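**Student:** here is my input, please return the structure:
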Amino acid sequence: MLDENRRKRYEEKAELLKALGHPVRLCIVTNLLDRACSVGHMQDCLGLPQSTVSQHLATLRARGIIRGERQGAEVVYRVVSREAADIVRVLFPEGDDLTRSVEGTSEQKEAEAGRP
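**Tutor:** Sure thing, here's the model as predicted:
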């Protein structure tokens, strides 16, 4: 039988895993491991509406996985939970860089338009 402290510890770990358990949130955390990023940039990279990205960010903030910091007119997010970062690095040891796919898309469009 689990004592109160153990049960609480398991509940906390389960909540962390639930927060990371959605594909979009997992993608966000993976891409924030090595860089800070604004909501607008995430929206462009993910191809999702701003409201959807904001809802996922709110879940990650509530669990203490990420933190936002105002920089001028934007809020820039970064991963602050070492535990979450360690879990994601096990799942994606090669990392992920959505920025490359967005940059590649704009480069493809320029090439198709005949611009260097």
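**Student:** can you pull out the helices in the protein?
**Tutor:** 4-20, 23-32, 39-46, 50-62, 82-91, 98-112 (DSSP state H).
**Student:** now the nearest residue to Leu60 once chain neighbours are set aside: how far from Arg89?
**Tutor:** Distances taken as CB to CB, 6 or more residues apart in numbering place Ile66 nearest to Leu60, at 4.5 Å, with adjacent residues excluded. Every C-beta, even on glycine, is put in place using the N, C-alpha and C of the backbone. According to CB to CB, to the nearest Å, Ile66 and Arg89 sit 15 Å apart.
**Student:** which of these two has more neighbours?
**Tutor:** Ile66 (25 against 13; other CB atoms under 10 Å).
**Student:** okay, that one: pLDDT?
**Tutor:** We have a pLDDT of 98 for Ile66.
**Student:** what does Leu2 give?
**Tutor:** As predicted, Leu2 sits at a pLDDT of 81.
**Student:** so it sits against Lys8, correct?
**Tutor:** No. Counting by CB atoms under 8 Å, Leu2 stays clear of Lys8, with 9.2 Å between them.
**Student:** so for the protein, the centremost residue is which one?
**Tutor:** Ile28 (1.8 Å; CA atoms, centre = their mean).
**Student:** tell me which residues touch that one, please.
**Tutor:** For Ile28, the contacting residues are Met42, Leu46, Val53, His56, Leu57, Leu60, Ile66, by CB atoms under 8 Å, 6 or more residues apart in numbering.
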